[in-house]
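In: Quick one: sequence and predicted model below, then my questions.
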Amino acid sequence: MKLTRRAMIKDGLLVVSAGMIMPAIFSRGVASARAQALDGSRLAQSANDRTLIVVQMAGGNDGLNTVVPFTDPLYLKLRPTIGLSDTKVLPLDTRLGLHPNLQPLKKLWDAGHLAIVEGVGYPNQSLSHFQAMDIWQTLDLNGNGGQGWLGKLVSGLVDQEGHPFKAIDIGVQTAQALQSISTQVPTVANVSTYRIYPDPADADGGNARLQALMKLYNSYPGTAPYAALLDTTALSAQDGSRQLRQADATYHPAATYPKGPFADGLKVLAEAIVQGLGLRVGYVTLGGFDTHANQQATHDTLMLTLANGLSAFYNDLAAHGKADKVVVMTWSEFGRRVEENGSLGTDHGTAAPLFVLGNPVSKGIYGEPPSLSNLDQNGNLKYTLDFRSVYATVLDRWMGASSKNVLGGSFGTQNFLPQS
């Protein structure tokens, strides 16, 4: 029986390993066998009851209109039209305030569960979306990386039996951050369609197709270097589909999620956590932040979508008694230029703040604020904190994994999470 890509992909949902289509994964599996034997044991010592949720704000979020330096006179001077006045922002202290549509996050701040990390970037920052995204996700400052930082983490967390939901990526294409040479991460667009999809011509509902797939995977010798990878992929695809549908059938959210794909994705992640599917790393993307023109209306909507989704997610977990075990971290590939442009928007910039939220988080503003009066030659902020230090903090202090092993170096940690 021919197993086509169409049989395995429905509505952008990858349900079994792309290695069935792209044999290169087999050679990567062989190449990684020894490396995983060495690195996996070190990474696998992580605290196994904690979850990290990563939120990508794709397109380059305008950090200055998200966490607003409303008392700096240069802010409104450089942004006379799109800048937010002190009467609109939600003050955090005498210097910074949140965008007015982030009121749900302000409530988390007031409750002590939100941290803001300022000036995050890296040396010689790229203004290209694709290159900058690759840098943040693979740690290769040239933008030519392959394996993602979370992919490397997950490959050390997945147990030998191949637990299907140690990590979940919400979307239609696996994020580069989760790419791994030895582990496949389920990418879920819709719970109801997360299954090995039959061909419409199949009279048995796809059972023969599934059996052929399993037979093919089981035909490889158990002693082969890539046998574990094949077995894990096949069993995870079959077992994961069943587990997720069962969890969905009995799950009752304790918060009202707003409509839209972002909140829907967060709801799936909450479901996996509450229903005990073993989720360690969750990933969800909110796009649309490339605001070159007429920024205000678009950014206002995105801020509301972000805040309402994260608030519902937190409240759901809290009501189910799970909030103490989950930390959420946001990131965007770059910020925006300090001065507004002639189209009432902002062009690609550099450093920007990010959020870390959850009950375990130590409330506060971390990092050094970048100066609005000391810009680079393009009129962009100079970064003050390497993004890898943020990653190191969540790895060392939350996930219990060695940041040096995952990141390939030492970058220091911040205090928005306590020492374990």
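Out: Perfect, I can see it now. Numbers count the residues shown, from 1 in each chain.

In: quick one: what helix or strand has the closest residue to A272 other than its chain neighbours in it?
Out: Distance criterion CB to CB, 6 or more residues apart in numbering; nearest residue to A272, sequence neighbours excluded, is L279 at 4.3 Å. (Each C-beta comes from the backbone N, C-alpha and C, glycine too.) Per DSSP states H and E, L279 falls between elements, in no helix or strand.

In: For L279, the count of nearby residues, please.
Out: 23 (other CB atoms under 10 Å).

In: now T87
Out: Neighbours around T87, by other CB under 10 Å: 7.

In: what secondary structure does it sit in?
Out: Using DSSP: H, G, I helix; E, B strand; the rest coil as the criterion, the local structure at T87 reads coil.

In: Can you give me the pLDDT of the closest residue to R79 other than its chain neighbours?
Out: In this structure, R79 finds its nearest non-sequential neighbour in E340, 4.8 Å apart by CB to CB, 6+ apart. With respect to pLDDT, E340 has a value of 98.

In: Pull out the buried residues from stretch 127-135.
Out: Residues of stretch 127-135 classed as buried: L127, Q131, A132, M133, D134, I135 (neighbour count, 16 or more other CB atoms under 10 Å).

In: which one among the residues you listed gets closest to L372?
Out: Using CB to CB, L127 is the member of the buried residues of stretch 127-135 that lies nearest L372, at 18.7 Å.

In: got the phi/psi numbers for the closest one?
Out: phi -100, psi 10 (degrees, to the nearest 10).

In: My guess is it contacts H348. True?
Out: Yes - with contacts counted by CB atoms under 8 Å, L127 reaches H348, the gap being 4.2 Å.

In: Give me the common contacts of these two.
Out: F334 (CB atoms under 8 Å, 6 or more residues apart in numbering).

In: low-confidence ranges in the protein?
Out: For the chain, residues meeting the criterion pLDDT under 70 lie at 1-47, 158-164, 191-243, 245, 247.

In: middle-most residue in the protein, spatially?
Out: Nearest to the geometric centre of the chain sits V54, at 2.9 Å (CA atoms, centre = their mean).

In: What backbone torsions are found at I53?
Out: The phi/psi pair for I53 (degrees, to the nearest 10) is phi -110, psi 120.

In: Might one say that it is in contact with K325?
Out: No - applying CB under 8 Å, one finds I53 not in contact with K325, separated by 11.1 Å.

In: and those two? which has more neighbours close in?
Out: I53 (25 against 16).

In: can you give me the strands in the protein?
Out: For the chain, the strands defined by DSSP state E cover 9-10, 13-14, 51-57, 67-68, 90-91, 97-98, 114-121, 167-170, 187-188, 281-286, 326-331, 352-357, 364-366, 385-386.

In: Tell me which of those strands sits most buried.
Out: strand 167-170 (a mean of 27; mean count of other CB atoms under 10 Å).

In: Name the residues that touch that strand?
Out: Residues contacting strand 167-170 (CB under 8 Å, 6+ apart): 150, 154, 157-158, 175, 178, 183, 185-189, 265-266, 268-269, 272, 279-285.

In: Strand partners (parallel or antiparallel) of that strand?
Out: strand 187-188 (parallel), strand 281-286 (parallel) (DSSP bridges).

In: Dump those strands into CSV; add distance to R95 as well.
Out: Shown next, in CSV, are the strands paired with strand 167-170 (distance: least, CB to CB, whole Å):
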stretch, distance to R95
strand 187-188, 40
strand 281-286, 27
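
In: among the ones you listed, which is nearest A58?
Out: strand 281-286 (5.4 Å).

In: With just CA atoms, put the closest one into CSV.
Out: C-alpha atoms of strand 281-286 as CSV (Å, rounded to 0.1, in the frame of the first residue of the first chain):
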residue,chain,number,x,y,z
VAL,A,281,7.1,22.0,26.6
GLY,A,282,4.2,23.7,24.8
TYR,A,283,4.6,26.1,21.9
VAL,A,284,2.0,28.5,20.4
THR,A,285,2.3,31.4,18.0
LEU,A,286,0.5,34.6,17.6
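
In: how far off strand 326-331 does that strand point, in degrees?
Out: 40 degrees (axes from the mean of the first three to the mean of the last three CA atoms, to 10 degrees).
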